[in-house]
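Visitor: fold the stuff below for me.
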Amino acid sequence: MVTSTSLTETSPDELEQCARDATTAFEQWSALPARTRARALVGAADALVDAADELVAIAAAETGLTEVRLRGELRRTAVQLRLFADVVVEGDYLDVRVDLADPEFVLGPRADLRRTHVPIGPVLNFTASNFPFAFSVAGGDSASALAAGCSVIVKAHPGHPELSRRTGEIVRAALARRGAPADVLQVIFGQAAGVTLLGDPRVRAGAFTGSLRAGRLLADVAASRSDRIPFYGELGSVNPQFVTRARLADDATSLAEGYVASVSMSAGQFCTKPGFLFVPDVAAIASSIASAAALVAEHRMLNPHIAASYQRRREAVLECVGVDVIALGSLRVDGDGHGWTTPTIVSVSLAALESVGGPLLDECFGPLSVVVAYERESELPDVARRLFPGNLTGGVHALADESTPELAALVDVLARLSGRVLFNGWPTGVAVTPAMQHGGPWPATTSDAGTSVGTAAIQRFLRAVSYQNVPAHLLPPVLRDGESSVPRRVSPAGESTTWGARASADQPSQ
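Guide: All right, here's what the predicted structure looks like:
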């Protein structure tokens, strides 16, 4: 293992050793039986839970997040590791397909073809500031890459360096106790070190959670390599929410309370925070929003840099033409430069929002959100399409039995522009579960084909390989005849003569 001499910058010599060790560890880790890798992931999860008291104390000191929030996040991180352990054992992610040799194939004789997925190689994971466990050293990107059979190099976030170092030590030791190679997980420090390693030919994929500016710079580094590699960046989102007239009239108070709770959760430092709430009548909900916001206690922001950025964005929004204040909120900066905030909620007409544009439409990382007054529900699909081209989430708040062409059109548009569409729910809180999609079209992510949460996240760190007429003893075990440990789709000889029959059969349309 590379033991960095500094929590701020890993040296060039250490980086070189790190890349060599990651390559060796990848070859060893990817060759281990699936159950061995799965047990190692479970061991890492157990170790995190056992060290919760120590790790949560470090995290609270470095990030200002509450103990309740951090304990929940650590538990989520352990759950992710256990979930991916089961994914590895079940083997569905390999998508094994076998086309048996067919001399009578309709397009001419078909060779024996067998397809599976293999791990892509060492992965470099740039961690997030706002999730010091779930999107950090042992978080979703690391868990899914390890599950795929890749070694992982974690570029620690400067907002929680000591937590990153200690988490790395605990997880590495736990993995090794269950048979993993010593350097299957490594931690490096420093922006320059991360950029340098992203350009190293031994690194085969990158993952990132953070700002649009930093994500674009790193994506460009990955794309400019002579051997371009995939880079999966989650860059931010404003997560617009749309309220129908009937839903607002039914219960404005509960809407306001849920909205404010989502905006202010952990000082609004979530990529899924609802940045916009579209309503047909601001006056019908403004007082309830103001009352809910007044009850929110002051919360520290993650670090002085984020506090300073939030202060600039908040001031810019408050100065925009056409903006009215619903809840002014506050921002107090202490002697160490840390910001302490309460939520700021403003309102604006749709016409003013479109006129002002960027200063209002850009993401604000912190507890600020904009209520937008619209006139007709029929205009909302086009508004979403024009103003919010790519988001992690989009939400609709309507009565359960509402069924109108306008509502159906809005849901359809949001599905085209978002990775997750919510109905009568708030986007903060991302379930760790197989069906979750945490991604979306640009600029939410650099690749809308992937997700950073849920079991499908493993696909980012795999590539498909077909083996044609390869002798059984040279095939990967999962492709050999008689292998039954993982699901497979088998195309027998002669099947091609019936292709199209199912489509032509007389059966109900689907």
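
Visitor: got a pLDDT number for Ser6?
Guide: Predicted confidence (pLDDT) at Ser6: the value is 67.

Visitor: how about the strands in the stretch 151-300 of the chain?
Guide: Taking DSSP state E, counting those that start in this stretch as the test, the strands found in the stretch 151-300 of the chain are 152-155, 185-188, 205-209, 231-234, 241-243, 276-279, 299-300.

Visitor: please identify which of those strands is closest to Val118.
Guide: Minimum separation from Val118 across these (Cβ to Cβ) falls at strand 205-209, 12.8 Å. Where C-beta positions appear, they are placed from N, C-alpha and C, glycine not excepted.

Visitor: helices or strands up against the closest one?
Guide: Taking 3 or more Cβ pairs under 8 Å, 6 or more residues apart in numbering; DSSP states H and E as the contact definition, the neighbouring helices and strands of strand 205-209 are strand 123-126, helix 140-148, helix 212-224, strand 231-234.

Visitor: kindly state the beta-bridge partners for the residue lying closest to Gln241 once chain neighbours are set aside.
Guide: In space, and not counting its chain neighbours, Gln241 is closest to Gly395: 4.2 Å by Cβ to Cβ, 6 or more residues apart in numbering. In this structure, Gly395 has the following beta-bridge partners (DSSP bridges): Gln241, Leu422.

Visitor: against Thr428, how distant is Gly395?
Guide: If you measure Gly395 against Thr428 using Cβ to Cβ, to the nearest Å, the figure is 11 Å.

Visitor: between these two, point out the one with more neighbours.
Guide: Neighbours per residue (other Cβ atoms under 10 Å) separate Gly395 from Thr428, with Gly395 holding more: 25 against 19.

Visitor: just give the number of residues close to Val243.
Guide: By other Cβ under 10 Å, the burial measure for Val243, its neighbour count, is 26.

Visitor: er, Gly268 I mean
Guide: By the measure other Cβ under 10 Å, the count of residues near Gly268 is 26.

Visitor: skip the chain neighbours and tell me the closest residue to Glu483.
Guide: Leaving aside its sequence neighbours, Glu483 is closest to Pro477 (6.2 Å, by Cβ to Cβ, 6+ apart).

Visitor: check Ala352 too.
Guide: In space, and not counting its chain neighbours, Ala352 is closest to Gly322: 3.0 Å by Cβ to Cβ, 6+ apart.

Visitor: tell me the pLDDT at the spatially most central residue of the chain?
Guide: In the chain, the C-alpha closest to the average C-alpha coordinate belongs to Ser452, at a distance of 3.4 Å (Cα atoms, centre = their mean). At Ser452, the pLDDT value in this model is 96.

Visitor: isn't the residue nearest to Ala352 up against Glu354?
Guide: No - proximity of Gly322 to Glu354 does not meet the contact threshold set by Cβ atoms under 8 Å, at 10.2 Å.

Visitor: Gly358: neighbouring residues, count only.
Guide: Here the number of neighbours of Gly358 (other Cβ under 10 Å) works out to 7.

Visitor: how about it, phi and psi?
Guide: Note on Gly358: backbone dihedrals following degrees, to the nearest 10 are phi -50, psi -50.

Visitor: for the one 10 residues further on, same thing?
Guide: Backbone torsions of Leu368, given as degrees, to the nearest 10, read phi -130, psi 140.

Visitor: thought it was touching Gln269?
Guide: No - at 11.2 Å, Leu368 does not count as touching Gln269 under the criterion of Cβ under 8 Å.

Visitor: can you tell me the SS state at Glu375?
Guide: When the structure is split into helix, strand and coil by DSSP: H, G, I helix; E, B strand; the rest coil, Glu375 lands in coil.

Visitor: residues contacting it?
Guide: If you count contacts by Cβ atoms under 8 Å, 6 or more residues apart in numbering, Glu375 has them with Pro280, Leu350.
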